[in-house]
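Student: Quick one, what's the 3D model for this:
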Amino acid sequence: MSRRYLSEPRLGGYRFFPDPNVRWLGDVVRRWDGEERVWLAILGVPFDGGTVSHRRGSRYAPSRIREYLYSKTNYLVEHDSEIVEGVYDCGDVEVNIVDSSETMRRLAEVADEVFKSAENVLTFGGDHSLTYELIKAARRVSGGEMGLIQFDAHHDTRTEWGQHSGFWLRRLLDENVLKGVNVVQIGIRGSLYSRHYIEHVKNTGIRYVTVWDLRTKGLEQTTREIVRWMGGIESIYITFDIDALDQAYAPGTDHPSPGGMSSWEAIYMIYSFASSLNARWLDIMEVSPPNDQQDQTTKLAAELANQYIHARHKHKSLRTEHGVV
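Tutor: Below is the predicted model:
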């Protein structure tokens, strides 16, 4: 494969102290050559042309999230986990910021090649409209049944009016890329939809967990239920719209609102799903550094990515222990 429409990745990160006993994640990550098959690929898509609100800025997120991610050590203490190899950065898709259709065409071409070459893919957006092409690329390599775990304040099943990030899931359902019964949404809240849309969601078979449900039922029980729902599906795509989190934890997004998930709930669920399910793909969307406060949203996105990498490492280790290749 040529690296058409892919920029060269910038590796490294901040170095907070010169400890000879520490290895940084940025020193472990390698540049992808466009040919090698890899365990985990990282891809950026710096495009926010589909953002619905006036608070654009998510096109700056891929580079900023990487800075914080690559500035972490390769060891994660709570899971006694160490990443020593297998992670490759593909760079960013070279988008056309004023042409959504051309950007989606380029993304589809790049995603096809990256998803064919990587066992796992971690993507940084960008706005949530990008998930449409990413899931289609994942579906083409998934083989069997494919499920979706969507962290989001919104259903993203609106009818199509113009180019925006609020109808990507409806298109995937209408085109039979995904089955509604294989979709679960977490973090839904607020007064932005209507009974019309709720009836559509229910009619498609989508399960959704509001933050109210999560808090009243409890984090561990809810997580176990979702793992049980999705456990029989061969491969899982996780999409994380950062507005699933409460604005106190994630102010740097296009549509912050109160009543959302906490950072701990998000971290716990991402690690649980990615370590216990075959969650081969994760995207993190709608992080807007220009609207952030002291980089707290960007830092949280980097930590979610870090937890995902270590969770997939655990999943790989468990499969190896049980003789599954």
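
Student: The helix or strand harbouring residue 284 pairs with which strands, and in what direction?
Tutor: Per DSSP states H and E: residue 284 is located in strand 279-285. For strand 279-285, sheet partners with direction are given as strand 118-125 (parallel), strand 235-241 (parallel), following DSSP bridges.

Student: so after that strand, what's the next helix or strand?
Tutor: Following strand 279-285 in sequence, per DSSP H and E, is helix 296-321.

Student: So for that next one, what gets flagged as buried?
Tutor: Neighbour counts over helix 296-321 (16 or more other CB atoms under 10 Å) mark 297-316 as buried. For glycine as for every other residue, the C-beta is placed from the backbone atoms N, C-alpha and C.

Student: got a list of what residue 310 touches?
Tutor: 76, 79, 81, 83, 271 (CB atoms under 8 Å, 6 or more residues apart in numbering).

Student: Can I have the buried ones of those residues as a ChimeraX selection?
Tutor: Typed into ChimeraX, the line below selects the buried ones among the contacts of residue 310, using 16+ other CB under 10 Å:
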select :76,81,83,271
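
Student: Leaving out the residues flanking it, which one is nearest to residue 94?
Tutor: residue 5 (4.8 Å; CB to CB, 6 or more residues apart in numbering).

Student: same check, this time on residue 277
Tutor: Excluding the flanking residues, the one nearest residue 277 by CB to CB, 6+ apart is residue 236, at 4.9 Å.

Student: And for residue 117?
Tutor: According to CB to CB, 6+ apart, the nearest residue to residue 117 is residue 37 (5.4 Å).

Student: How about the backbone phi and psi for the one you found?
Tutor: Main-chain dihedrals, residue 37, degrees, to the nearest 10: phi -80, psi 140.

Student: Might you report the residue contacts of the residue nearest the centre of the chain?
Tutor: For the chain, the residue nearest the mean C-alpha position is residue 283 (1.9 Å; CA atoms, centre = their mean). Going by CB under 8 Å, 6+ apart, residue 283 touches 122-125, 130-131, 134, 238-240.

Student: Show me what it is bridged to.
Tutor: Counting by DSSP bridges, residue 283 is bridged to residue 123, residue 239.

Student: Was I right to think residue 296 contacts residue 248?
Tutor: No. Look at residue 296 against residue 248 with CB atoms under 8 Å: they stay out of range, at 9.3 Å.

Student: What residues sit buried inside the helix or strand of the chain with the lowest mean pLDDT?
Tutor: Among the helices and strands of the chain, helix 195-204 carries the lowest confidence by mean pLDDT, DSSP states H and E, at a mean of 86. By neighbour count with 16+ other CB under 10 Å, helix 195-204 contains the buried residues 197, 200-201, 204.

Student: what's the distance between the residue nearest to residue 277 and residue 185?
Tutor: The gap separating residue 236 from residue 185 is 14 Å, by CB to CB, to the nearest Å.

Student: possible to save the contacts of residue 310 as a markdown table with pLDDT and secondary structure?
Tutor: Converted to a markdown table, the contacts of residue 310 look like this (pLDDT from 0 to 100; DSSP: H, G, I helix; E, B strand; the rest coil):
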| residue | pLDDT | secondary structure |
| --- | --- | --- |
| 76 | 97 | strand |
| 79 | 96 | helix |
| 81 | 97 | strand |
| 83 | 97 | coil |
| 271 | 98 | helix |
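
Student: out of the contacts of residue 310, which one sits closest to residue 11?
Tutor: Closest approach to residue 11 among the contacts of residue 310 (CB to CB): residue 83, at 14.2 Å.

Student: which residues does that closest one contact?
Tutor: Neighbours of residue 83 in contact, by CB under 8 Å, 6+ apart: 25, 28, 74-75, 309-310, 313.

Student: out of the buried residues of helix 195-204, which one sits closest to residue 253?
Tutor: Nearest to residue 253 among the buried residues of helix 195-204 is residue 197, at 21.0 Å by CB to CB.

Student: Quick check: that closest one touching residue 157?
Tutor: Yes. Applying CB under 8 Å as the test, residue 197 and residue 157 come out as touching, 6.2 Å apart.

Student: re earlier: now do the same for the residue nearest to residue 277: its pLDDT.
Tutor: pLDDT recorded at residue 236 is 98.

Student: Same question for residue 155.
Tutor: According to the prediction, residue 155 has pLDDT 86.

Student: separation between it and residue 318?
Tutor: Separation of residue 155 from residue 318 (CB to CB) stands at 33 Å.

Student: Cheers, nothing more for now.
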